[in-house]
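K.L.:
sharing a model prediction with you, sequence too.
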Amino acid sequence: MKPHHLILAALCTLSLRAQVIPLPADDRPRQGEFQLLPDAWMAIPAANPENLPDYVGLINAAGAKVRFAPQDVACAIQLLSANILPDNYPIPSGEGYVIRITPQVINIHAATAVGHYYGVQTLARLIEDAPKQPNQPIRLACRDIVDAPRFAWRGYMLDESRHFSGPAAVKRLLDAMARYKLNRLHWHLTDSPAWRIEIKKYPELTRTGGRGSETDRRPDAPAAFYTQEQIRGIVAYARQRGITIIPEIDMPGHADAAVAAYPEHDGGGFLAKGSTDKWPRFTFNPAKPATLSFLDDILTEVAALFPDAGVIHFGGDEVHFGWKKWTELPEVRDLMKRENLKDLAAVEAWFNRRMAGTINRLGFKTGGWDEIAARGLPKDKTVIWWWRHDKPQVLRDSLKAGYPVILCPRRPCYLDFVQHESHQAGRRWGGFNPLRDTYDFPAPLDLSAADEKQILGIQACLWTETTITRQRRDFMTWPRLVALAEAAWTPAAKKDFTSFETRLKPELAWLKAHGISAYDPFANSPEITDKGAKTEYLDTPE
Ligand code: TNX
């Protein structure tokens, strides 16, 4: 071909470049194109409409104009079952799907509603990417996309205690997570600065414990928290987007806010260094019967609010920082004698087993930070979150002991770490977390195939000590969370940072258009530091 013929060919041929993040597992071009006409029909399988994702809405938000089809009309887009594919196709299961774009029709095959949802998300990206003119068909290149996630757990953790987000911000976050096929929101609802989840039996938890934030310790600061009604609404909103919310109620450490509300459960905290104890009531009393029933009651209400969570996370992190008072507590002394416990680590382990028993009885697995790995909890009812990147042996031991593990090491999964060498606000620990490190994860761990079977997935965590405003929370989260989404979904062999960067550029525009103030790594946009910012409070009904 002469050069000008090549140019002509390029102009006439539709782009086959898939502007999709996360990159699908397999994308095979075919001959021809499909023309999606205005007002075309979209067929959706009958199901409980209340729980159905808004498939039509997603396609139309991408710039098309399709309609929900009545029975028996010829449809342009059809959501079909998994097992009516031609013989040579793999049958999708779970979150997987197959999209077939032929000149006649677009078929999306999946075994589940969430599989269809992810197929529709991918199709929506192809539609977004296609050139559009008013009242003209949208031309889509024919192709087969055969897709399924690498990891079942593709998560984000949001710390609500240090600074509160509020229902509107969480829904906005869920929308963006769904776009990138992230499927778990780990909701860190309680910690030392404040308690953010309404518990009907103990109203002081939020009335007193919900006051203030990491940067506002005034005793009369307003309270900010989620009511149970708001939580039910957020859980349903997430479910329609394929996202499961996992609540975390941190114990026996990180308990100051709860203990401020109900001081009878105090187990002591950091010992005085000079006169400034930062968290004097860091722990619950781990052995007092009334405290254990109080925690049972809380977990019972939490379980009812998150019926589909599968796992309730009970924290379990950093307890030894604040357990020094335990030796003086009569209940702890009695327990040690009665149960023949030789040290405080054994007391902590006893407490973990005691509370895990409650969680299991409520029908959930127990989730915990990696400190709980050596505590003798049942491996079929416990999930470990590996976070201490400086303790790789803890990961090895957890895998060896047979626990399912979620990987969220500080490096490169903590989003309170800075992302550019010039950035001043945020953490570092022998380095920081640039976009590329998050994208490449978990390759540096050199996981074997056997390891990978035991690893549920990966998760980014936003601890909010230094993120006061929504703008800074966005800045620290995005676009690293987009990189994590591709790392969690796309097969290792298909990951390619250069291709990711090309696809990320238009995503930055999408994030901006949706009011999300992401960091722009290409322009090295100015750092949002929150220097001088004040805690923002939302109105929450009493
Ligand atoms: C450690 S990560 C914590 C959090 C802090 C975080 C700050 C973990 C299980 N505990 O309480 O917010 O460091 O990076």
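P.N.:
Great, that's in hand. Numbers count the residues shown, from 1 in each chain.

K.L.:
report the secondary structure element holding the residue positioned nearest the centre of the chain.
P.N.:
Nearest to the mean C-alpha position of the chain, by C-alpha atoms, centre = their mean, lies Tyr156 at 2.5 Å. For Tyr156, the host element (DSSP states H and E) is strand 153-159.

K.L.:
sheet partners, orientation included, of that strand?
P.N.:
Strand 153-159 has its sheet partners listed here by DSSP bridges as strand 184-188 (parallel), strand 455-462 (parallel).

K.L.:
ok so, going back, once you drop chain neighbours, what's closest to the residue nearest to the centre of the chain?
P.N.:
Nearest residue to Tyr156, sequence neighbours excluded (C-beta to C-beta, 6 or more residues apart in numbering): Ala460, at 5.4 Å. Using the backbone N, CA and C atoms, a C-beta is placed for each residue, glycine as well.

K.L.:
again, but for Ile298
P.N.:
Ile199 (5.4 Å).

K.L.:
do I have it right that the one you found meets Thr206?
P.N.:
Yes - judged on C-beta atoms under 8 Å, Ile199 makes contact with Thr206 at a distance of 7.4 Å.

K.L.:
which one of the strands paired with strand 153-159 lies closest to Lys324?
P.N.:
Checking these against Lys324 by C-beta to C-beta gives strand 184-188 as the closest, at 24.7 Å.

K.L.:
restricting to C-alpha, output stretch 420-435 in CSV.
P.N.:
Extracted in CSV, the C-alpha atoms of stretch 420-435 (Å, rounded to 0.1, in the frame of the first residue of the first chain):
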residue,chain,number,x,y,z
HIS,A,420,5.2,12.2,43.9
GLU,A,421,8.6,13.0,45.2
SER,A,422,7.8,16.8,45.4
HIS,A,423,4.7,16.2,47.6
GLN,A,424,4.9,17.4,51.2
ALA,A,425,1.6,16.3,52.8
GLY,A,426,1.2,12.6,53.6
ARG,A,427,3.3,9.7,54.6
ARG,A,428,6.5,8.1,53.5
TRP,A,429,8.2,5.0,54.7
GLY,A,430,11.4,4.2,53.0
GLY,A,431,9.8,5.7,49.9
PHE,A,432,6.3,6.6,48.8
ASN,A,433,3.6,5.2,46.5
PRO,A,434,3.8,6.5,42.9
LEU,A,435,1.1,5.5,40.4
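
K.L.:
so what's the residue count around Pro45?
P.N.:
12 (other C-beta atoms under 10 Å).

K.L.:
in contact with the residue lying closest to it once chain neighbours are set aside, which residues?
P.N.:
What sits nearest to Pro45 in space, not counting adjacent residues and going by C-beta to C-beta, 6+ apart, is Leu79, at 5.7 Å. Shown in contact with Leu79 (C-beta atoms under 8 Å, 6 or more residues apart in numbering): Met42, Ala43, Ile44, Pro45, Tyr55, Ile108, Ala110, His116, Gly119, Val120.

K.L.:
how far off centre is the helix or strand containing Leu79?
P.N.:
Assigned by DSSP H and E, Leu79 falls within strand 77-80. Per C-alpha atoms, centre = their mean, to the nearest Å, the displacement of strand 77-80 from the mean C-alpha position of its chain is 28 Å.

K.L.:
and the gap between Ile235 and the ligand?
P.N.:
In this structure residue 235 is Val, not Ile. 23 Å (C-beta to the nearest ligand atom, to the nearest Å).

K.L.:
quick one: contacts for Gly368?
P.N.:
Gly368 neighbours (C-beta under 8 Å, 6+ apart): His313, Phe314, Gly315, Gly316, Asp317, Asn352, Leu377, Thr382, Val383, Ile384, Trp385.

K.L.:
contact residues of the stretch 251-400 of the chain facing the ligand?
P.N.:
Proximity of the stretch 251-400 of the chain to the ligand, by C-beta under 6 Å from any ligand atom, involves residues Asp317, Glu318, Trp369, Trp387.

K.L.:
what does the chain give?
P.N.:
Contact residues, the chain versus the ligand (C-beta under 6 Å from any ligand atom): Asp317, Glu318, Trp369, Trp387, Tyr414, Asp416, Arg427, Trp463, Glu465.

K.L.:
can you rerun that using 8 Å?
P.N.:
With C-beta under 8 Å from any ligand atom as the criterion, the chain meets the ligand at residues 159, 162, 191, 250, 254, 315, 317-318, 369, 385, 387, 410, 414, 416-417, 427, 461, 463-465.

K.L.:
and the buried ones among these, selectable in PyMOL?
P.N.:
Burial among the residues of the chain next to the ligand is assessed by 16 or more other C-beta atoms under 10 Å; the matching PyMOL selection reads:
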select buried, resi 159+162+191+250+254+315+317+369+385+387+410+414+416+417+427+461+463+464+465
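
K.L.:
hmm, who's touching the strand holding Tyr156?
P.N.:
165, 170, 173, 177, 181-188, 191, 248, 406, 408, 456-465, 477, 481, 484-485, 488-489.

K.L.:
which residue ranges form the helices in the stretch 301-450 of the chain?
P.N.:
For the stretch 301-450 of the chain, the helices defined by DSSP state H, counting those that start in this stretch occupy 330-339, 344-361, 392-400, 410-413, 435-440, 449-454.

K.L.:
next: the stretch 1-150 of the chain.
P.N.:
Taking DSSP H, counting those that start in this stretch, the helices of the stretch 1-150 of the chain run over residues 3-12, 55-61, 113-129.

K.L.:
helices or strands up against the first helix or strand past the strand holding Tyr156 going along the chain?
P.N.:
Counting by DSSP H and E, the next helix or strand C-terminal to strand 153-159 is helix 167-179. Packed against helix 167-179 by the contact rule (3 or more C-beta pairs under 8 Å, 6 or more residues apart in numbering; DSSP states H and E) you find helix 113-129, strand 153-159, strand 184-188, helix 228-239, helix 480-489.

K.L.:
can you add mean pLDDT and give those back as a markdown table?
P.N.:
Below are these laid out as a markdown table (pLDDT from 0 to 100):
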| stretch | mean pLDDT |
| --- | --- |
| helix 113-129 | 96 |
| strand 153-159 | 98 |
| strand 184-188 | 98 |
| helix 228-239 | 97 |
| helix 480-489 | 98 |
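
K.L.:
compare the ones you listed and give me the one nearest Lys391.
P.N.:
Smallest distance to Lys391 across these (C-beta to C-beta): 18.7 Å, for strand 153-159.

K.L.:
for that closest one, what is the distance to the chain centroid?
P.N.:
With C-alpha atoms, centre = their mean, you get 2 Å for strand 153-159.

K.L.:
if we can go back for a sec, closest to Asn60 out of the strands paired with strand 153-159?
P.N.:
strand 184-188 (25.5 Å).

K.L.:
hmm, who's touching that closest one?
P.N.:
Outside strand 184-188, the residues touching it (C-beta under 8 Å, 6+ apart) are 153-161, 170, 173-174, 177, 238, 243-248, 250, 313, 457, 459, 461, 463.

K.L.:
same question, stretch 37-47
P.N.:
The contact list for stretch 37-47, computed with C-beta under 8 Å, 6+ apart, reads 52, 55-56, 59, 64-69, 73-81, 113, 116, 135-137.

K.L.:
average pLDDT across the strand holding Leu79?
P.N.:
Per-region confidence: strand 77-80 scores 96 on mean pLDDT.

K.L.:
look up how far Ala236 lies from the residue nearest to the centre of the chain.
P.N.:
From Tyr156 across to Ala236, the span is 19 Å (C-beta to C-beta, to the nearest Å).

K.L.:
same deal with Gly532?
P.N.:
Where Ala236 is concerned, Gly532 sits at a distance of 38 Å (C-beta to C-beta).

K.L.:
between these two, which is the more surrounded one?
P.N.:
Ala236 (11 against 6).
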